[in-house]
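Undergrad: build me a model from this:
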Amino acid sequence: VRPVESGGGLVQAGGSLRLSCAVPRSVFSGNDAGWYRQAPEKQRELVARITPGGSTRYQDPVKGRFTISRDNDKNAVYLQMNSLRPEDTGVYYCASLYQSLIVGGWGQGTQVTVSS
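TA: All right, here's what the predicted structure looks like:
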């Protein structure tokens, strides 16, 4: 069973979206969780990461605009995205992380499109 992302859509620049991801308990518990973005014709990149205890890290372009959170009881991770920009467009994936390794594979992702 792989992560299942939801919440993407089409939004105008300056708007907001909240992404959700259900992660299998077997790979969620005790591991970090991350949100990745793959823009058209670009490599997938990590944009936000959260530890089991709630410590967070963000890629510089999203700092102050995106907030990652997790619910350990629900095995879920979220990404609140505010002040969206056209360059935020891409397919967003969540994953469990052990150090730098992806644990449990990738889901199908959710498309985010930000129009100018």
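
Undergrad: which parts of the lowest-mean-pLDDT helix or strand in the chain are buried?
TA: Every helix and strand of the chain was ranked by mean pLDDT, DSSP states H and E. The lowest is helix 25-28, at a mean of 92. Residues 27-28 are the ones in helix 25-28 that count as buried (16 or more other CB atoms under 10 Å). Yep, even glycine has a C-beta here, placed from its N, CA and C like the rest.

Undergrad: by contact count, what packs against the helix or strand just after that helix?
TA: For helix 25-28, the following helix or strand on the C-terminal side (DSSP states H and E) is strand 32-38. Contacts defined by 3 or more CB pairs under 8 Å, 6 or more residues apart in numbering; DSSP states H and E place strand 32-38 against strand 17-22, strand 45-50, strand 66-71, strand 76-81, strand 90-98.

Undergrad: just the CA coordinates of strand 32-38, formatted as CSV?
TA: The C-alpha trace of strand 32-38 is given here as CSV (Å, rounded to 0.1, in the frame of the first residue of the first chain):
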residue,chain,number,x,y,z
ASP,A,32,10.0,11.7,8.8
ALA,A,33,7.4,12.7,6.2
GLY,A,34,8.0,14.9,3.2
TRP,A,35,6.2,16.7,0.4
TYR,A,36,7.9,16.6,-3.0
ARG,A,37,7.1,18.6,-6.1
GLN,A,38,7.8,17.7,-9.7
